[in-house]
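A predicted structure for the sequence below; I have some questions about it.
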Amino acid sequence: MIKVQQLYKKFGTNEVLSDISTVVTKGEVVSIIGPSGSGKSTFLRCLNLLELPTSGIIEINGKNLTASKKNIHKIRQQIGMVFQHFHLFPHLTVLENLTYAPMKAKGIKKEEAELKARLLLERVGLSEKEKAYPNSLSGGQKQRVAIARALAMEPELMLFDEPTSALDPEMVKEVLDVMKDLAKSGMTMVVVTHEMGFAREVADRVLFLDHGVLVEEGQPMEFFSHPKTARAKDFLDKVL
Ligand code: ADP
Ligand code: MG
């Protein structure tokens, strides 16, 4: 589903991603971990062209993102993104947050969009909040709405950038549970996270980034119990 080849990203002279190559297959859940400033967000943002790679190739479903400017809107519609700080539309109700993009970008009729939105709200356990505005919700509820909103576009791929980092500890689980369900349903997911428990239990593969370099990748069990590099060992000693 995703093929990344020799991806480089520079901000001015600062090389933030250096020669990254990897493949994500359909239905796979990949966790990206690494120290702050190692390029995790930039990598994720390159995958839907929120950042333009300096060089390298990114293919989504066989379509070259970096070459086909004309397809970019189509391809982006297939990619859902969930951010640390939710980014809900504050002036729209929960239901309207979910129906806005499908109606606007896909031309789906209001009734149909609402039907779909209600199913998604049920799935994330927020049916009773459809008329609420975002500022009346807890952080965990906001993030579940954000996930439902991304799903409303029926993406083939979901990207998460530290979805639980801005949450109070007691709300982390409700969001991770929604993500676990999503993973079980077969969604392809790339998840930047500091939740090592999630990476260990849910991810099929872990990518460890340090200073913009993909230092290690492997199965979670293998990576967490036998990291191969000193850099990964050092990181894990600090976070586990
Ligand atoms: P992480 O998500 O792993 O914490 P980031 O991808 O956010 O790391 O950042 C990696 C590096 O790129 C940092 O040194 C950061 O300062 C730099 N960086 C990120 N975004 C920009 C930007 N828009 N302009 C300039 N530098 C940036
Ligand atoms: Mg980041």
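That came through fine. Ligands and ions are numbered 1, 2, ... in the order given.

Go through the helix or strand bottoming out on mean pLDDT in the chain and flag the buried ones.
Least confident helix or strand, the chain: helix 72-77 with a mean of 86, by mean pLDDT, DSSP states H and E. Neighbour-count burial for helix 72-77, counted by 16 or more other Cβ atoms under 10 Å, picks out 75-77. The C-beta positions use only the backbone N, C-alpha and C, and glycine is treated the same way.

ok, residues contacting the helix or strand just after that helix?
Sequence-wise, the next helix or strand downstream of helix 72-77 (DSSP states H and E) is strand 79-82. Applying Cβ atoms under 8 Å, 6 or more residues apart in numbering, the external contacts of strand 79-82 come out as 44, 47-48, 50, 60, 143, 146-147, 150-151, 153, 155-161, 163.

okay, and for the protein, where does confidence drop off?
68 (pLDDT under 70).

all helices for it, in order.
Counting by DSSP state H, the chain has helices at residues 40-47, 72-77, 94-106, 110-123, 139-151, 169-184, 196-201, 220-225, 230-239.

name the helices or strands packed onto the fifth one?
Pointing back at helix 139-151 there. Contacts defined by 3 or more Cβ pairs under 8 Å, 6 or more residues apart in numbering; DSSP states H and E place helix 139-151 against strand 79-82, helix 94-106, helix 110-123, strand 157-161, helix 169-184.

Let's see it as CSV, backbone CA atoms only.
In CSV, the C-alpha atoms belonging to helix 139-151 read as follows (Å, rounded to 0.1, in the frame of the first residue of the first chain):
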residue,chain,number,x,y,z
GLY,A,139,-9.8,15.4,25.2
GLY,A,140,-10.5,11.7,24.8
GLN,A,141,-13.9,12.4,23.3
LYS,A,142,-12.5,15.0,20.9
GLN,A,143,-9.9,12.6,19.7
ARG,A,144,-12.5,9.8,19.2
VAL,A,145,-14.5,12.4,17.1
ALA,A,146,-11.4,13.2,15.1
ILE,A,147,-10.9,9.5,14.4
ALA,A,148,-14.6,9.1,13.4
ARG,A,149,-14.3,12.2,11.2
ALA,A,150,-11.3,10.8,9.4
LEU,A,151,-13.1,7.4,8.9
